[in-house]
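Undergrad: after the sequence you'll find the predicted model.
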Amino acid sequence: MKVLHIGKYFPPYTGGMETYLRDAITASSREGIDNVALVHQSEISFASHDEIYQAGGRTVPVTRAAVWMRLLFTPISPTFPWLLSHLIKKHQPDIIHIHMPNASAFWALALPRARDVPWVIQWQSDVLASKHNWGLRLFYTFYRPFERAMLKHAKVIIASSPPYLDSSLPLKDFREKCSVIPLGLDPSNLPDPPRSKSSTTHHRDNTAPLHVLAIGRLTYYKGFDYLIRAVAELDDVQVHFIGKGDQEVALKALTKELGVNNKIVFHGQLPDHELVQQFASCDCLCLPSIERTEAFGLVLLEAMYFSKATIISDVPGSGMGWIVDDGVTGLKTTPGNIGELAAALRYLRENHDKIALFGRNGRSKFNQQFHIDQSTRALIRLYSGVLDARQELVR
C-alpha cells in the first residue's frame, strides 16, 4: 500500500503534528506501508529540497517545499501544487493522508490528479476564530470555505480524541465520516529515559525546589503567562521553559516585571539529548494551555513515557483532559485560573510521594493506550477500509 502524506513541517522541526507525522511514518513503514511525504521547509527559502528519511529499516522520500514567506503562522509556498502533482504522478499513491490544518493542502482541491486518489484527513485541530487573536479570526473567514470543501471530499476524517470530535464545529456536519484514533508516540525515536530519583522512588530531596518543565511554542494559547504568574505566588518552585515563539519577549518581560527571574529559566530550543536530560531532572510537566488550539498535547505523552507527573488546564473539548486522569496521572486546573495553577504546583511541592505515583501511573497508561503501534494499526485498518470501499464501488 502506498500512502502520500501532506504535512505542514517535518522533523527536525519540533511540534506535535510533526512528531506524530514522523512516528506514524516510522511505525507504518515497519508494517510494510510505502510512505512518501510532502511538507514545507521550516525556514524561509526559495528552493525546495528532496531527501531520504530512514524509517523502520526502510527509506521514505520526503520533499520539503520552498517557503517564500509566512502569514499568520501559515507557510506560503507557490511551488507546492507543482510538487504535489509531481509526487502523485511519480509514486501513484493509493491514499493521500492530509494532516490539517495546512492551507497548502487546499491545492489538492484544484488538482484532478489529487482528487482521483482517496483522501484521509488527519484532523489535528480546528483553526479557531480565536478571541485572543483578531488576525486569526479574519484569516478563518477566508480559510473556512476551503476547509469545508476538503472535509466534503475526504473519504474519512480522523480526530485524535472523543472530546475534540464532540466539540468540533467544523466536523459537526461530517460526523458520519469521522473516526477517533488517538495520537501515539514512538519510543524508538526517543532516547531511553534516564533513571531519576523523582520518577522511581519516594526519596526526592525535600529541600530542593519543585522542578517544573514547560515545553512548547511560546505563543498566546499555551498560557505560559499564567504559569509565570502562578509561580510568582509560590516559594520553592522553578520552571524551565523549552521552546521559542512570538511571545518570548513578552514572557521574559513579565518574568522581570514580577521579579521571578530566579524562578524562571528560558532554554530556547534544545537538541534531543538535552531535552531528555531536562525530563530526567524535572518533577513534573505543566501544560497550561487556554484554548482548544491545544487539541491533544503530544508533549503529555512524552512526559508519561518518561514517568513524569503532569499538570494541565482542563480546556473543554481539548484532548488534554482526556489524556490526564486527575489525581491518578496528574492534576487538572481551570484554564486561565492562576490560583488553581498555583495550588496544583503547591500540592506536588508538599506531597512528594504523589510525584512518583503519578509518574508511574502515567507510564502505565502510555504503554496501554498511547504507544505509536496502537495508533498505526488503527490507521492501517482505516486505510484498508477506504480501499475496500473504493474497490466495491468500482465493481
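TA: Arrived safely.
Undergrad: what is the strand or helix carrying Ile121 packed up against?
TA: For Ile121, the enclosing helix or strand under DSSP states H and E is strand 119-123. Judged by 3 or more CB pairs under 8 Å, 6 or more residues apart in numbering; DSSP states H and E, strand 119-123 is in contact with strand 95-100, helix 134-153, strand 156-159, helix 372-394. Any C-beta I mention is one placed from the backbone N, CA and C, and that applies to glycine too.
Undergrad: at 10 Å what do you get?
TA: With contacts taken as 3 or more CB pairs under 10 Å, 6 or more residues apart in numbering; DSSP states H and E, strand 119-123 sits against strand 2-6, helix 16-30, strand 95-100, helix 134-153, strand 156-159, strand 178-180, helix 372-394.
Undergrad: including mean pLDDT, could the ones you listed go into a markdown table?
TA: Shown next, in a markdown table, are the helices and strands packed on strand 119-123 (pLDDT from 0 to 100):
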| stretch | mean pLDDT |
| --- | --- |
| strand 2-6 | 98 |
| helix 16-30 | 92 |
| strand 95-100 | 98 |
| helix 134-153 | 85 |
| strand 156-159 | 98 |
| strand 178-180 | 97 |
| helix 372-394 | 91 |
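Undergrad: in a markdown table, list these along with mean neighbour count and distance to Phe46.
TA: Shown next, in a markdown table, are the helices and strands packed on strand 119-123 (neighbours: other CB atoms under 10 Å; distance: least, CB to CB, whole Å):
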| stretch | mean neighbour count | distance to Phe46 |
| --- | --- | --- |
| strand 2-6 | 22 | 21 |
| helix 16-30 | 24 | 22 |
| strand 95-100 | 25 | 24 |
| helix 134-153 | 14 | 24 |
| strand 156-159 | 24 | 34 |
| strand 178-180 | 16 | 38 |
| helix 372-394 | 15 | 34 |
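Undergrad: quick one: closest of the ones you listed to Ser289.
TA: Smallest distance to Ser289 across those (CB to CB): 11.4 Å, for helix 16-30.
Undergrad: show me the contacts for Leu285.
TA: Contact analysis of Leu285 by CB atoms under 10 Å, 6 or more residues apart in numbering lists 212-215, 278-279, 297, 299-300, 302-304, 306, 308-312, 330, 362.
Undergrad: so which of those residues belong to strands?
TA: Among the contacts of Leu285, the ones falling in strands (DSSP state E) are Val212, Leu213, Ala214, Ile215, Ala309, Thr310, Ile311, Ile312, Gly330.
Undergrad: pLDDT at the fourth one, what is it?
TA: The reference is to Ile215. pLDDT for Ile215: 96.
Undergrad: swap in the last one?
TA: Note on Gly330: pLDDT of 98.
Undergrad: surely it touches Cys284?
TA: Yes. Under the criterion of CB atoms under 10 Å, Gly330 makes contact with Cys284 at 7.5 Å.
Undergrad: which one of these two is surrounded by more residues?
TA: Comparing Gly330 with Cys284 by other CB atoms under 10 Å, the one with more neighbours is Gly330, at 29 against 26.
Undergrad: any stretches of the stretch 251-395 of the chain with poor pLDDT?
TA: Where the stretch 251-395 of the chain drops to pLDDT under 70, the residues are 394-395.
Undergrad: that one: helices as residue ranges?
TA: 272-281, 298-305, 320-323, 338-350, 352-365, 372-394 (DSSP state H, counting those that start in this stretch).
Undergrad: now the fourth one, how far from the centre of its chain.
TA: Here the centre of mass of C-alpha atoms in helix 338-350, compared against the chain's by CA atoms, centre = their mean, to the nearest Å, lies 25 Å away.
Undergrad: one more: the first one?
TA: Taking the mean of its C-alpha atoms, helix 272-281 sits 19 Å from the chain's own mean (CA atoms, centre = their mean).
Undergrad: can you say which of the helices and strands packed on strand 119-123 is nearest to Gly319?
TA: Nearest to Gly319, of all the helices and strands packed on strand 119-123, is strand 156-159, at 8.9 Å by CB to CB.
Undergrad: and the chain, what are its domains?
TA: Using automatic domain parsing, the domain ranges for the chain come out as 2-186+371-394, 188-370.
Undergrad: span of the last one from start to end?
TA: By that I understand domain 188-370. By CA to CA, to the nearest Å, the extent of domain 188-370 from end to end equals 14 Å.
Undergrad: then stretch 315-324?
TA: First-to-last residue span, stretch 315-324, CA to CA: 12 Å.
Undergrad: in that stretch, what counts as buried?
TA: Val315, Gly317, Ser318, Gly319, Met320, Gly321, Trp322, Ile323, Val324 (16 or more other CB atoms under 10 Å).
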